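**Student:** Dropping a prediction and its sequence here:
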Amino acid sequence: MEKAIEIESLSYSYPDGQQALKDINLTIEVGESVALIGPNGAGKSTLLLHLNGILRSDGRVRVLGMPLEEKSLKQVRSKMGLVFQDPEDQLFSPTVFDDVAFGPINMGYSEDEVRRRVREALEGVGMEGCEKRSPHHLSIGEKKRIAIATILSMNPEILVMDEPTANLDPRAKWELIELLRGLPITKIVASHDLELVEALCQRIILLDEGKVIANGSTQSIMSNIPLLEAHGLAPKGGSSLKLKT
């Protein structure tokens, strides 16, 4: 199968010397939906930031066969969209239209093509008709949808998301899960939300202390209660698979 992501011997240390990633080796196939889970500080977000070159360090990363390096950075970022945990990090324009149009405009598309892409992206997240609204006056669930639309307007082949259901109420959360399930692209999700993981992803990669602890089918990882307990992802002695708070 075609490889969406290939990571070899990836390690990373923060400027203070703390090692965040330790010899990561992973492959993600085109069309897969894969979850990164693990306790706070496990390295999930740090790993995501390496996938489009925001962070770079020792090791090799290939995206759709392209080595992630300075000369390929623009092309890689056109193929991969990263949705941050806080949608406020991606919504900075006076209107929804301006935010969703920002990427296509910077990619050099014509005005007609930009408008088409904005329309289709908003339809894809169920937010059509909101073009003139201020993104800062939307609900958190609506903001997350618009943040996803800013990525979809660039027609990516890979969607990378950091805690997409954080701060959502149950109804908004399940609406977002259904939206994501309907997107026919490769998806990589870092999350503490094991309900999201179980509903959306076929495979789980468990990280802790910057290392890959387990890599397997969602069913096999979710049914391994001792493994989840050992890494803070299930209460001791309980059958619930909710993250400890």
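**Tutor:** Done, it's in.
**Student:** Where does pLDDT dip in this protein?
**Tutor:** By pLDDT under 70, the low-scoring segments of the chain are 1, 236-245.
**Student:** make it 80
**Tutor:** Counting by pLDDT under 80, the chain shows low-confidence ranges at 1, 235-245.
**Student:** does the spatially most central residue of it have beta-bridge partners, and which?
**Tutor:** When C-alpha atoms, centre = their mean is applied to the chain, the residue found nearest the centroid is Met161 (1.5 Å). According to DSSP bridges, the residues that bridge with Met161 are Val83, Val189.
**Student:** What separation do you get for it and Glu120?
**Tutor:** 20 Å (C-beta to C-beta, to the nearest Å). Where C-beta positions appear, they are placed from N, C-alpha and C, glycine not excepted.
**Student:** ditto for Pro67
**Tutor:** 31 Å.
**Student:** Who has more neighbours out of the two?
**Tutor:** Glu120 (15 against 12; other C-beta atoms under 10 Å).
**Student:** right, and the residue nearest to the centre of the chain touches Ile185 too?
**Tutor:** No: in this structure, Met161 is not within contact of Ile185 by C-beta atoms under 8 Å, at 11.6 Å.
**Student:** Please enumerate the helices of the protein.
**Tutor:** For the chain, helices defined by DSSP state H occupy the ranges 44-50, 73-79, 96-106, 111-124, 140-152, 170-181, 194-200, 218-222, 225-230.
**Student:** ok, the residue nearest to the centre of the chain - contacts?
**Tutor:** Leu82, Val83, Ile148, Leu180, Lys187, Ile188, Val189, Ala190, Ser191 (C-beta atoms under 8 Å, 6 or more residues apart in numbering).
**Student:** Okay, Thr95 and Leu21: tell me how far apart.
**Tutor:** Thr95 is 38 Å from Leu21, by C-beta to C-beta.
**Student:** Which residue of the two possesses the greater neighbour count?
**Tutor:** Leu21 (24 against 14).
**Student:** need the contact list for that one.
**Tutor:** Leu10, Ser11, Tyr12, Gly43, Thr46, Leu47, His50, Ser57, Gly210.
**Student:** next one: Ile146
**Tutor:** Pro87, Leu91, Val96, Asp99, Val100, Leu122, Val125, Met127, Cys130, Pro135, Leu138.
**Student:** Tell me if I'm right that Lys132 and Phe97 touch.
**Tutor:** Yes: using C-beta under 8 Å, Lys132 is in contact with Phe97, at 6.8 Å.
**Student:** Of those two, which one has the most company?
**Tutor:** Phe97 (19 against 10).
**Student:** and the residue nearest to the more buried one when sequence neighbours are not counted, what does it touch?
**Tutor:** With C-beta to C-beta, 6 or more residues apart in numbering as the criterion, Phe97 has its nearest non-adjacent residue at 3.9 Å, and that residue is Glu131. Under the criterion of C-beta under 8 Å, 6+ apart, the neighbours of Glu131 are Thr95, Val96, Phe97, Val100, Val118, Leu122.
**Student:** Could you do Gly129 as well?
**Tutor:** Leu122.
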